[in-house]
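Participant: after the sequence you'll find the predicted model.
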Amino acid sequence: MAYGEKHIRNMIQIYTGNGKGKTTAALGSAMRAAGHGQKVIMIQFMKGQINYGELEAARHLPHFSIEQYGRAEFVNPENPDKEDIRLAKKALARAREILKKHTHDMVILDEIIIAVSFGLITSNDVIDLIRIARSDTELILTGRYLTDSIAEHADLISEIREIKHHFQKGVSARKGIEY
């Protein structure tokens with residue numbers, strides 16, 4: 001048996017925290033899985049209308065696709081727009097469909113945790129997705145403000161903590177680095 005081949009079941013992974021790199025960590029896992037011929041999908045909650053670099057990169061990788069369910073505008077956490085709620089529920093329905101039909105080996109739900117924090121969907125919605133994920137589907141969740149109720153279902157949680165960020169110096173998001 002080669003390195004890493006002893007495999008009981010796939011895991012529920014969470015990348016959370018206030019630091020930069022949660023989506024990037026999930027993308028690294030996606031690239032690795034796609035490189036081994038696994039079929040991967042990333043569903044991005046609250047992201048859309050912006051030409052993120054990962055969208056173009058995914059077009060060049062077989063077995064890897066990204067779907068966005070969001071507007072170009074940021075979601076107001078105190079008063080989310082009805083369209084933000086509608087799009088989050090649409091992303092949730094798409095994730096449920098993929099997990100039930102088992103069309104992918106890895107499913108990444110990018111920013112789903114913060115979608116819960118903003119009130120677009122509920123913790124129970126996320127826990128339902130975790131429960132319907134088959135044991136041979138790797139499920140990765142990202143986003144700030146992880147709830148204890150979601151955390152208790154995870155096999156791996158990595159917290160990305162901000163120590164220093166160039167935004168604090170007035171440097172705005174850079175193409176190819178932050179998006």
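Facilitator: On my side now, so go ahead.

Participant: only C-alpha atoms for contact and neighbour calcs from this point on.
Facilitator: Fine.

Participant: all strands for the protein, in order.
Facilitator: 12-16, 40-45, 64-69, 106-110, 138-142, 156-159 (DSSP state E).

Participant: can you list contacts of the helix or strand bottoming out on mean pLDDT in the chain?
Facilitator: In the chain, no helix or strand scores lower on mean pLDDT, DSSP states H and E than helix 53-59, which sits at a mean of 88. Under the contact criterion CA atoms under 8 Å, 6 or more residues apart in numbering, helix 53-59 has outside partners 27, 64-66, 175-176, 179.

Participant: what is the neighbour count of residue 95?
Facilitator: 21 (other CA atoms under 10 Å).

Participant: on the pLDDT front, check it for me.
Facilitator: In this model, residue 95 is scored at 98, pLDDT.

Participant: centre of the chain to the least confident helix or strand of the chain, how far?
Facilitator: Centroid displacement of helix 53-59 relative to its chain, using CA atoms, centre = their mean, to the nearest Å, is 15 Å.

Participant: and the gap between the residue nearest the centre of the chain and residue 166?
Facilitator: Nearest to the geometric centre of the chain sits residue 110, at 1.8 Å (CA atoms, centre = their mean). Using CA to CA, to the nearest Å, residue 110 is found at 23 Å from residue 166.

Participant: what do you get for residue 106?
Facilitator: From residue 106 across to residue 166, the span is 32 Å (CA to CA).

Participant: which one of those two has more residues nearby?
Facilitator: Legend: neighbour count by other CA under 10 Å for residue 106 and residue 166, higher for residue 106 (25 against 9).

Participant: okay, and the beta partners of that one?
Facilitator: With DSSP bridges as the criterion, residue 106 is bridged to residue 40, residue 138.

Participant: okay, and the beta partners of residue 68?
Facilitator: Applying DSSP bridges, one finds that residue 68 bridges with residue 44.

Participant: and it, how many neighbours?
Facilitator: Neighbours of residue 68 (other CA under 10 Å): 19.

Participant: alright, that wraps it up for me.
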